[in-house]
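Peer 1: next comes the sequence, and after it the predicted model I'd like to discuss.
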Amino acid sequence: MPSTETSLVVRRLSDHVREIALIRPALFNRVDAALHRDLTSALHEIARDPEARAVVLSSEGKAFSAGGDFDLMEAAHTNASVRSEIVEDGRRLMSAFFDLPQPIIAAVQGPAIGLGATIALACDAVVAAESAYLADTHVQLGLAAGDGGCLVWPAAAGMLRARRHLLTGDPLNAPVAFQLGLVTDLVENPDEARPVAITLAQRIAELAPLAVQATKKSLNQVTRTRANEVLDLSLSYEERTLASNDLMEGVSAFRDRRAPKFTGT
């Protein structure tokens, strides 16, 4: 499962609770190709574990995940093969979430941005610190929100609120996200998110596993049905915008800390 650079670890917290921890705090747990594939493999590994009944998804450092990797975006801009790989990696990652039979709880101690927010909202519960926030900033960089945002944001927040934030990239702080349904459990301090998520996972693990997993599989089917309606389309638009000049302008503007000047090309 691991790539040449370790991007995550899978921990056995108890007989029936597993943890996937993103462990690159210096990079704000950005999702490059390695983390894409390692997270997908970790989800598949736990799905096959007959003793696992609940999962915690956590991360180290100040950010839950800063989203996509700029170096990967720049490589994709001029390379159709890299663009195709990104799309396929995104499709496989979302499928791994949809196929996971165990409930998974996200412990969001800090910002969850772009794909980081999608990953959190693909979980069955989101425990977040009051200082954390969720944001899908694809459009601010010149990208279509193709890697699952158009699926998980409407499911969590409702279509109108999802449109408002996916079309602007504006963030939602955790207290507001809690009121709107994108966060299920709110904690005061960042260091409380993981323990509270673990406690929730342990509670679920103590319930009847046949009943819990049958319910989870039914909910997965709802998500999979919605995904069949939008995911391929949104991924194709993201692949197209990865080749755009606007993406390069968006990345450059972010690095230069200036407002981008998009041209629609």
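Peer 2: On my side now, so go ahead.

Peer 1: just the strands in the protein please.
Peer 2: With DSSP state E as the criterion, the chain has strands at 8-12, 17-22, 54-59, 104-108, 112-113, 125-129, 133-135, 172-173, 185-187.

Peer 1: just put these in JSON lines and tack on distance to residue 151, mean pLDDT and mean neighbour count.
Peer 2: Every C-beta, even on glycine, is put in place using the N, C-alpha and C of the backbone. Converted to JSON lines, the strands of the chain look like this (distance: least, C-beta to C-beta, whole Å; pLDDT from 0 to 100; neighbours: other C-beta atoms under 10 Å):
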{"stretch": "strand 8-12", "distance to residue 151": "23", "mean pLDDT": "97", "mean neighbour count": "16"}
{"stretch": "strand 17-22", "distance to residue 151": "20", "mean pLDDT": "98", "mean neighbour count": "23"}
{"stretch": "strand 54-59", "distance to residue 151": "17", "mean pLDDT": "98", "mean neighbour count": "28"}
{"stretch": "strand 104-108", "distance to residue 151": "16", "mean pLDDT": "98", "mean neighbour count": "29"}
{"stretch": "strand 112-113", "distance to residue 151": "16", "mean pLDDT": "98", "mean neighbour count": "28"}
{"stretch": "strand 125-129", "distance to residue 151": "15", "mean pLDDT": "98", "mean neighbour count": "27"}
{"stretch": "strand 133-135", "distance to residue 151": "15", "mean pLDDT": "98", "mean neighbour count": "24"}
{"stretch": "strand 172-173", "distance to residue 151": "17", "mean pLDDT": "98", "mean neighbour count": "20"}
{"stretch": "strand 185-187", "distance to residue 151": "22", "mean pLDDT": "98", "mean neighbour count": "20"}
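
Peer 1: which one of those strands lies nearest to residue 67?
Peer 2: Among the strands of the chain, the nearest to residue 67 by C-beta to C-beta is strand 112-113 (4.2 Å).

Peer 1: name the helices or strands packed onto the closest one?
Peer 2: Here strand 112-113 touches strand 133-135, going by 3 or more C-beta pairs under 8 Å, 6 or more residues apart in numbering; DSSP states H and E.

Peer 1: who does the strand it packs on pair up with?
Peer 2: Strand 133-135 pairs in its sheet with strand 112-113 (parallel), strand 172-173 (antiparallel), by DSSP bridges.

Peer 1: so which of the ones you listed gets nearest residue 228?
Peer 2: strand 112-113 (25.2 Å).

Peer 1: tell me the gap between the closest one and the middle of its chain.
Peer 2: The chain centre lies 8 Å from the centre of strand 112-113; the measure is C-alpha atoms, centre = their mean, to the nearest Å.

Peer 1: contacts for it next, please.
Peer 2: With contact meaning C-beta atoms under 8 Å, 6 or more residues apart in numbering, strand 112-113 is reached by 63-67, 106, 119-120, 132-137.

Peer 1: contacting residues for residue 12?
Peer 2: Going by C-beta under 8 Å, 6+ apart, residue 12 touches 18-19.
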